[in-house]
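In: Predicted model and sequence below, questions to follow.
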Amino acid sequence: MGDDSRQVLERIDRERDSYLEELKDYLRIPSISTDSDYSADVLRCAEFLREKMSAAGLSAERLETDGYPLVYGEWLGAEGKPTLLFYGHYDVQPPDPLEEWRNPPFEPTVEGDRLVARGATDDKGQSFAHLKAVAAVLAETGELPVNVKFLIEGEEESGGESIDTFVRRDGGKKLACDAVIVSDSSMYAPGVPSLLYGLKGLAYMEISIVGPKQDLHSGSYGGGVANPGNAMAHIISRLVDPKSGRISIPGFYDDVVPLEEWEREGFAKLPFDEAEYCRSLGITETFGEQGYTTLERVWARPTCDVNGLYCGYQGAGAKTVLPAKAGAKVSMRLVPNQQPEKIAKLFSDYVCQVAPPGVTIEVKNVHGAEAVLIDAKGPISEAAMQALEEVWGQAPVLVREGGSIPVVATFANVLKVPILLMGFGLSDDALHAPNEKFNISHFYNGVRTTVRLLDLVGASDRE
């Protein structure tokens, strides 16, 4: 480690409290992109981030789109050196159900080593670590060992259409780089850093069912009128075979790329305690497609899950009503070669096919994303592996992830450079759930890892 890196890391230790306070301010902004009631807050969050980029020493701007703005920053003073593009998102999931939060979701709360707030790990805390690393290097040395660009979006939690359009239109001009760095995922386990080489894709659907023109008395009309709630239950029950765990949609598996033997062997070597996994989730046993382990199913086999159901009376006590409407939100996590548009059509056709008579069905394709497989090799990947090992004290493992980051496939297709998925979160961070948290020590280690990555990429280029 060079003297510059040591001095930067010492600065980070001195300024750690101020870094945490800045992150808390970031988390206090309820930048919920899926709810238009929070539009002003999303825009306020974009401006907050632009100001932080500028204060860090970047040339920063808001790139307006048809949706929420992208926040872009760059420092290009390392002539002839590689360029790293850092991606993240400043929008967050809705905090519901509010009653399950120990504290208000947008008032960051320190609980030991945990910082609890909506967006703490997904993705404000993780991506902010990149920015604070660059800020620390520039503050200490006045320059960077490589060129950097930041592109932070505000629609990742609501489809990511604006950034997808921007990246495709840009075609690698403004965003030209040698690698994309993404920290929006989890480490394999506490103390075990990871590089992700695979993300699942997504087809997110919504089913709407309409029956009578208004809610009806279930005694006076039950048995004579088709019940949208019953119809929805019938459709949902036909999506996945309860015995084999296989998805029942015809043609669903036609394009699935099977796991290679080296992957299955690698997954099997990872420390995984199924009993502890169940205990930590409060379940009695795992469930999924027969013939595959839990890790294989979660990381590399397609899935189909109901994300939400709405129908009829939801209040306390009884109300004997035959509902006029019912709805369901369903996500299908896809694997390489499965195309979201094709899967969405197969899903829609199947739902209409199995729907009982007497109701009107509408199936909406809300949004989708392609699955990604990445070749985690080359000098920049090696620099990332070394940086992770230096900071975390253990060699990183190569893993896949069951989640989706829609823009990663776009980056891969358009920029055609390595993409390093280098997460600092943990599987128990409760992202998308109440009491989301990010370990404070992981935030600081994320800053340190990014500092070392910058230095190692610059050094490897000199060699």
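Out: Alright, I've got the coordinates.

In: CA only for contacts and neighbour counts going forward, please
Out: OK.

In: ok, how many other residues are close to Asn439?
Out: 22 (other CA atoms under 10 Å).

In: Identify the bridge partners of it.
Out: Arg114 (DSSP bridges).

In: shouldn't Phe150 be in contact with Leu70?
Out: No - Phe150 is beyond contact range of Leu70, at 9.8 Å (criterion: CA atoms under 8 Å).

In: Where is the longest helix in this structure?
Out: What stands out as the longest helix in the chain, according to DSSP state H, is helix 3-27.

In: what about that helix, average pLDDT?
Out: For helix 3-27, the mean pLDDT works out to 94.

In: Now do the helix or strand just after it against helix 3-27, angle only.
Out: Counting by DSSP states H and E, the next helix or strand C-terminal to helix 3-27 is helix 39-56. If you take axes from the mean of the first three to the mean of the last three CA atoms, to 10 degrees, helix 39-56 sits at 160 degrees to helix 3-27.

In: Just the buried positions in helix 39-56, please.
Out: 39, 41-43, 45-50, 52-53, 56 (16 or more other CA atoms under 10 Å).

In: for stretch 349-367, same thing?
Out: So stretch 349-367, judged by 16+ other CA under 10 Å, has buried residues Tyr350, Val351, Ala355, Pro356, Val359, Ile361, Val363, Asn365, His367.

In: if you skip the residues just before and after it, what's nearest to the first one?
Out: Take Tyr350 and drop its neighbours on the chain: the residue closest to it by CA to CA, 6 or more residues apart in numbering is Ile249, 6.2 Å away.

In: go on, the third one?
Out: Closest residue to Ala355 apart from its sequence neighbours, by CA to CA, 6+ apart: Ile235 at 6.0 Å.

In: The one you found and Phe347, how far apart?
Out: 11 Å (CA to CA, to the nearest Å).

In: which of these two has more neighbours?
Out: Neighbour count, other CA under 10 Å: between Ile235 and Phe347, Phe347 has more, with 24 against 18.

In: number of nearby residues for the nearest residue to Gln339 once chain neighbours are set aside?
Out: Nearest residue to Gln339, sequence neighbours excluded (CA to CA, 6+ apart): Glu370, at 6.4 Å. When neighbours are defined as other CA under 10 Å, Glu370 has 25 of them.

In: quick one, phi psi at Glu370?
Out: The phi and psi values for Glu370, taken as degrees, to the nearest 10, are phi -80, psi 150.

In: Kindly confirm my reading that Glu143 is in a strand.
Out: No - the assignment for Glu143 (DSSP: H, G, I helix; E, B strand; the rest coil) gives coil, which keeps it out of a strand.

In: Isn't it up against Val134?
Out: No - using CA under 8 Å, Glu143 is not in contact with Val134; the gap is 9.4 Å.

In: So between those two, which is more surrounded?
Out: Val134 (23 against 17).

In: Which residues are in contact with the more buried one?
Out: Taking CA atoms under 8 Å, 6 or more residues apart in numbering, we find Val134 in contact with Ala56, Leu144, Thr450, Val451.

In: and the strand or helix carrying it, average pLDDT?
Out: Using DSSP H and E, Val134 sits within helix 125-141. The average pLDDT within helix 125-141 is 98.

In: got the angle for that helix vs helix 3-27?
Out: Counting by the same axes, to 10 degrees, helix 125-141 points 140 degrees away from the direction of helix 3-27.

In: what's the first helix or strand past helix 125-141 going along the chain packed up against?
Out: Next helix or strand after helix 125-141 toward the C-terminus (DSSP H and E): strand 147-153. Helices and strands touching strand 147-153, by 3 or more CA pairs under 8 Å, 6 or more residues apart in numbering; DSSP states H and E, are strand 70-75, strand 83-89.

In: so which of those comes closest to Arg28?
Out: strand 83-89 (15.2 Å; CA to CA).

In: outside of the closest one, which residues touch it?
Out: Defining contact as CA under 8 Å, 6+ apart, one finds that strand 83-89 is touched by 76, 123-124, 127, 130, 146-156, 175-184.

In: Distance-wise, check the residue of the chain most remote from its centre relative to Pro356.
Out: Here the chain reaches farthest from its C-alpha mean at Ser220, the gap being 47.5 Å by CA atoms, centre = their mean. Distance, Ser220 to Pro356, using CA to CA: 21 Å.

In: thinking again about what came up before, which neighbouring elements make contact with the longest helix of the chain?
Out: The contact analysis (3+ CA pairs under 8 Å, 6+ apart) places helix 3-27 against helix 39-56, helix 125-141, helix 440-462.

In: Which positions in it come out as buried?
Out: Ser5, Val8, Leu9, Ile12, Tyr19, Leu20, Leu23, Lys24, Tyr26, Leu27.

In: Now tabulate these in CSV and tack on distance to Thr294.
Out: Below are the buried residues of helix 3-27 laid out as CSV (distance: CA to CA, whole Å):
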residue, distance to Thr294
Ser5, 40
Val8, 41
Leu9, 39
Ile12, 39
Tyr19, 38
Leu20, 36
Leu23, 35
Lys24, 35
Tyr26, 36
Leu27, 33
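
In: Am I right that Ala326 is in a strand?
Out: Yes - counting by three-state DSSP, Ala326 falls inside a strand.

In: quick one, phi/psi of the closest residue to it other than its chain neighbours?
Out: What sits nearest to Ala326 in space, not counting adjacent residues and going by CA to CA, 6+ apart, is Cys311, at 4.4 Å. Cys311 adopts backbone torsions of phi -170, psi 130, taken as degrees, to the nearest 10.

In: So which residues make contact with whichever helix or strand Glu341 is part of?
Out: Assigned by DSSP H and E, Glu341 belongs to helix 340-354. By CA under 8 Å, 6+ apart, the list of residues contacting helix 340-354 from outside reads 201-205, 235, 238, 249-252, 334, 361, 363-365, 368-370.

In: Please compute how far the longest helix of the chain lies from its chain's middle.
Out: The chain centroid and the centroid of helix 3-27 are separated by 25 Å under CA atoms, centre = their mean, to the nearest Å.

In: same question, stretch 47-59
Out: 24 Å.

In: Let's see it as CSV, backbone CA atoms only.
Out: Taking Å, rounded to 0.1, in the frame of the first residue of the first chain, the C-alpha atoms of stretch 47-59 are listed here in CSV:
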residue,chain,number,x,y,z
GLU,A,47,-30.3,17.9,-5.8
PHE,A,48,-28.9,16.8,-2.4
LEU,A,49,-26.7,14.2,-4.3
ARG,A,50,-25.6,16.7,-7.0
GLU,A,51,-24.5,19.1,-4.2
LYS,A,52,-22.5,16.3,-2.5
MET,A,53,-20.8,15.3,-5.8
SER,A,54,-19.8,18.9,-6.3
ALA,A,55,-18.5,19.3,-2.8
ALA,A,56,-16.5,16.1,-3.3
GLY,A,57,-14.6,17.8,-6.2
LEU,A,58,-16.6,16.4,-9.1
SER,A,59,-18.0,18.3,-12.0
